[in-house]
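In: missing the sequence, but the structure's below:
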């Protein structure tokens, strides 16, 4: 957070001129001001301008698992835009590589393509996924295996449109809940436990709960609070909601036409603000509107898992592969030291047994001997044992070289020079060779 605030403050000449303080020292700034800056920037970026903006129409909807990791990484490690983009790219990479049916994310292949022999497995998978959803939803429709390719294409296109529509309605529902929450708290009423430092519930937690379908109890509480509003407060709330619906994209406004009509009816039913409302008209309007709003919001916030083939366009509750961002380096290094040949081309030879210790690289030999030493390690003894292993390695390599040389010679020559070969293997090394070997051992 220090680097984040320092960069934010140092880039503002106005703040530097007004305060004349260094942006590196957090003690020079009021901690509440810093927290307000940080919260405002984080909330504006995460909630209002990206994932839950009604105008935001992604091809693949990010699920609560990825969103939770993204928020945690943003808070704890890196708040830069590049870090966020890297996480989103890796999430999309995993989604497209782990789900074969993501081929139909943008569009469904034509009937001519699906009728080809190479598409048989893909078509069977798509049919099976459709059939499994129909079975789980207790549909009485006839068996999908008897449907035509054209019916399959139409069903896939309908599922795509349904999921994007459902995702847009969830974003609209979240923004309406947030609008009502902000309004009732501004009017002095007790709102939801959002941004509560005691319960540690932030706006991202609310977004995750929205995707999981956990806002129904919150919506019910907001409906109860709306019933307590006065005429002037109801008028202000209705005006805010009316302005919100008017700012929606054209497609969203069209899909929410019935809700806009009900809102207009509620606005027209309100008595004039100057009246004392002896008849209780405002209470009836507030109660009717609150009851309708609770049903409407519960419909808006229906989870995406209710849509057929949702896992093609939605990452769901699957967790983010954090090892791609923060890999377990120690486990990989230890595995590489234990079995170095598994990380080379030699690992492809399945019939070969595990190599002997002298066949391993020097670093692996040292590591194995280090593990054999127990808790305490004597450096001198460690290198003496390593030198002995190198002597064993040298001896075995020399024997392998002589054996290969003998195999290359003809049978006649081999029989005539048997004693010469034996004397060659037993021939003592010269002092120059021994000295050269000692230097190699020291270098290694």
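Out: Everything's here; your move. These figures come from a predicted structure and were not determined experimentally.

In: same for the secondary structure element (helix or strand) that residue 380 belongs to, what does it pack against?
Out: Here residue 380, judged by DSSP states H and E, is contained in helix 379-408. Applying 3 or more C-beta pairs under 8 Å, 6 or more residues apart in numbering; DSSP states H and E, one finds that helix 379-408 contacts helix 362-371, helix 418-426, helix 431-443. Placement of C-beta: from N, CA and C, glycine included.

In: what about 7 Å?
Out: helix 362-371 (3 or more C-beta pairs under 7 Å, 6 or more residues apart in numbering; DSSP states H and E).

In: any weak-confidence spans in the protein?
Out: 1-49, 134-147, 195-200, 273-280, 345-352, 409-429 (pLDDT under 70).

In: Show me which helix runs longest in it.
Out: Taking DSSP state H as the criterion, the chain has its longest helix at helix 149-186.

In: Report the inter-axis angle for the next helix-or-strand element following it versus helix 149-186.
Out: Moving toward the C-terminus from helix 149-186, the next helix or strand (DSSP H and E) is helix 203-211. Using axes from the mean of the first three to the mean of the last three C-alpha atoms, to 10 degrees, the direction of helix 203-211 lies 140 degrees away from that of helix 149-186.

In: what's the offset of helix 203-211 from the middle of its chain?
Out: 15 Å (C-alpha atoms, centre = their mean, to the nearest Å).

In: Could you tell me which residues within the longest helix of the chain count as buried?
Out: Residues of helix 149-186 classed as buried under the neighbour-count rule (16 or more other C-beta atoms under 10 Å) are 149, 152-153, 155-156, 159-160, 162-164, 166-178, 180-181, 183-184.

In: I'd like to know which elements that helix is packed against.
Out: helix 111-114, helix 120-136, helix 203-211, helix 216-226, helix 231-246, helix 250-255, helix 281-300, helix 310-313.

In: With mean neighbour count added, can I get those helices in JSON lines?
Out: Output for the helices and strands packed on helix 149-186, formatted as JSON lines (neighbours: other C-beta atoms under 10 Å):
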{"stretch": "helix 111-114", "mean neighbour count": "13"}
{"stretch": "helix 120-136", "mean neighbour count": "15"}
{"stretch": "helix 203-211", "mean neighbour count": "21"}
{"stretch": "helix 216-226", "mean neighbour count": "17"}
{"stretch": "helix 231-246", "mean neighbour count": "16"}
{"stretch": "helix 250-255", "mean neighbour count": "13"}
{"stretch": "helix 281-300", "mean neighbour count": "18"}
{"stretch": "helix 310-313", "mean neighbour count": "22"}
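
In: so which of those helices gets nearest residue 99?
Out: Among the helices and strands packed on helix 149-186, helix 310-313 comes nearest to residue 99, with 6.5 Å by C-beta to C-beta.

In: just how off-centre is the longest helix of the chain within its chain?
Out: With C-alpha atoms, centre = their mean as the basis, helix 149-186 stands 21 Å off its chain's centre.

In: between it and helix 231-246, how many degrees?
Out: 150 degrees.

In: angle of helix 149-186 against helix 281-300?
Out: 140 degrees.

In: quick one on the thing from earlier: can you redo the helices and strands packed on helix 149-186 as TSV with distance to residue 77?
Out: Formatted as TSV, these follow (distance: least, C-beta to C-beta, whole Å):
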stretch	distance to residue 77
helix 111-114	44
helix 120-136	37
helix 203-211	15
helix 216-226	30
helix 231-246	35
helix 250-255	35
helix 281-300	34
helix 310-313	29
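
In: right, and the ones you listed - which one's nearest residue 327?
Out: That would be, of these and by C-beta to C-beta, helix 203-211, which comes in at 24.8 Å.

In: list the helices and strands that closest one packs on?
Out: Short answer (3+ C-beta pairs under 7 Å, 6+ apart): helix 203-211 packs on helix 64-76, helix 149-186.

In: what's in contact with stretch 359-367?
Out: 337, 340, 357, 386, 389, 444 (C-beta atoms under 7 Å, 6 or more residues apart in numbering).

In: Distance check, residue 379 against residue 389.
Out: 16 Å (C-beta to C-beta, to the nearest Å).

In: For the two, indicate the residue with more neighbours.
Out: Neighbour totals were compared for residue 379 and residue 389, and residue 389 leads with 19 against 7 (other C-beta atoms under 10 Å).

In: what sits against that one?
Out: 357-358, 365.

In: make it 8 Å
Out: Neighbouring residues of residue 389 by C-beta atoms under 8 Å, 6 or more residues apart in numbering: 357-358, 365, 369.

In: give me the number of residues near the closest residue to residue 444 other than its chain neighbours?
Out: Distances taken as C-beta to C-beta, 6 or more residues apart in numbering put residue 362 closest to residue 444, at 5.5 Å, once the chain neighbours are dropped. Residue 362 is flanked by 12 other residues according to other C-beta under 10 Å.

In: Check the separation of the first and last residues in stretch 97-105.
Out: 13 Å (C-alpha to C-alpha, to the nearest Å).

In: right, and residue 355 touches residue 341 too?
Out: Yes: taking C-beta atoms under 8 Å as the definition, residue 355 is a contact partner of residue 341 at 6.0 Å.

In: What count of nearby residues applies to residue 408?
Out: Residue 408 has 9 nearby residues by other C-beta under 10 Å.

In: list the contacts for it?
Out: If you count contacts by C-beta under 8 Å, 6+ apart, residue 408 has none.

In: Numbering from 126 from now on, please.
Out: Sounds good: first residue 126 from here, last item residue 533.

In: Tell me how far it lies from residue 429.
Out: 69 Å.
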